[in-house]
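[1] What follows is a predicted protein model with its sequence.
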Amino acid sequence: MSRADETVWEVFARKEYEEPLHHVGTLTEDDEDLAIVCARAIYDEQPWIEMVLVPRPEIREAIRA
Amino acid sequence: MTTGRCTDAATTTMISLVGSLADNKSALGRRYGEWAVSAPTIESAVAAAAMAQDELGHARSTYPVLAKLGVTRDEETLDPGHPLHAIAHELPDWASVIAANLVVDGILTTFVASARESSIEPLAQRARKILQEEGAHRRHAEAWTRRLARAGGSDRDLLATRIAQMWTDAARWPGPDDHAGYGEAIDQGMVSEGPAAIRGRVRSWLTDLLDAEAVKVRLDEPTGWGEEEHR
């Protein structure tokens, strides 16, 4: 099953309020709710206090070397 | 499982409900876990594994509530005991997993919500923790229901069939609305609402979800209680 057309989400999280959000990985999922459920399941190795998802198509590049 | 003292009708009812809740949580955990290697996508496989872990944790934390109700369990295992027939064995297809996620998890979680302020304090404590984690399960069930409904054809038809089958079994779980012991449990603050109210909440949620996708499933009130075992 090709998933080339599905949305890729960039996942960011942090463990302390004093820390910035770090990029922790990606996942592929068209449905926003499933993306949230899956991100929590896949990236649960740390006691995060915050996790956010950004759909890759919404990212704007300022620099690309 | 043995009881160590004479119990009133309310306590007897709660022993049945809490014991069965744990049995069904354990069975749900197994059913989700079996699909952790064969879900349609790797993301959903991981989500199924996480839900399995949650459900087995809920079962493990719920069984000790029975001790507070005067019951000694014969074995401290995660043997699923006597779960609903619908989830007693491996589920045949992904639509069944989603239907169990929707209907069985929905009925059990709605019961747990009715125990959030229970006068049985260990049950209230567990209820609050369980409800935190069940939010993700509900989101998973709703999203997959929309996806299967929008896929159309046999996927949509099978989903409707599986939801109807799960409802037939799971809607009976709380029991008849005029059950005397359940009424006494409400009067004593052990739970906040009865069987028909629980079914009504789940029916209302499912109807809104399914109507939005034009999926037609009958969610009738169970009848013919008699002396038959319903959980």
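    Arrived safely, thanks for sending. Numbering: from 1, shown residues only, chains lettered A, B, ... in the order given.

[2] where does residue 64 land on pLDDT?
    No chain in the question, so chain A it is. Among the per-residue scores, A:Arg64 holds a pLDDT of 91.

[3] Can you look at chain B instead?
    For B:Pro64, pLDDT reads 93.

[4] Wait, it touches B:Pro122, no?
    Yes. Proximity of B:Pro64 to B:Pro122 meets the contact threshold set by CB atoms under 8 Å, at 7.1 Å. Yep, even glycine has a C-beta here, placed from its N, CA and C like the rest.

[5] need the helices for chain A, in chain order.
    In chain A, the helices defined using DSSP state H lie at A:32-42.

[6] before we move on, back to that, ok, B:Pro64 and B:Pro122, which is more surrounded?
    For B:Pro64 and B:Pro122, the more surrounded residue by other CB atoms under 10 Å in any protein chain shown is B:Pro122, and the numbers stand at 17 against 14.

[7] tell me the contacts of the more buried one?
    Taking CB atoms under 8 Å, 6 or more residues apart in numbering or on different chains as the definition of contact, the neighbours of B:Pro122 are B:Pro64, B:Val65, B:Lys68.

[8] Are we agreed that it is in a helix?
    Yes. Going by DSSP: H, G, I helix; E, B strand; the rest coil, the assignment for B:Pro122 places it inside a helix.

[9] so how far is B:Phe111 from it?
    From B:Pro122 over to B:Phe111 the distance is 16 Å, taken as CB to CB, to the nearest Å.

[10] now do A:Ala13
    Counting by CB to CB, the gap between A:Ala13 and B:Phe111 amounts to 33 Å.

[11] go on, A:Pro20?
    A:Pro20 sits 42 Å away from B:Phe111, taking CB to CB as the criterion.

[12] more neighbours, those two?
    Taking A:Pro20 and B:Phe111 together and counting by other CB under 10 Å, B:Phe111 has the greater number of neighbours (23 against 7).

[13] What is the burial count for residue 7?
    Just going to use chain A. Look at A:Thr7: counted by other CB under 10 Å, it has 17 neighbours.

[14] think we crossed wires, I meant chain B
    16.

[15] That one in helix, strand or coil?
    coil.

[16] residue contacts, it?
    Neighbouring residues of B:Thr7 by CB under 8 Å, 6+ apart: B:Ile15, B:Leu69, B:Gly70.

[17] can I assume the first one is in contact with B:Ala67?
    No. The pair B:Ile15 and B:Ala67 does not pass the contact test of CB under 8 Å, sitting 10.7 Å apart.

[18] I'd assumed B:Ala171 was in contact with B:Pro222.
    Yes. Shown here, B:Pro222 and B:Ala171 form a contact pair, counting by CB under 8 Å, at 5.2 Å.
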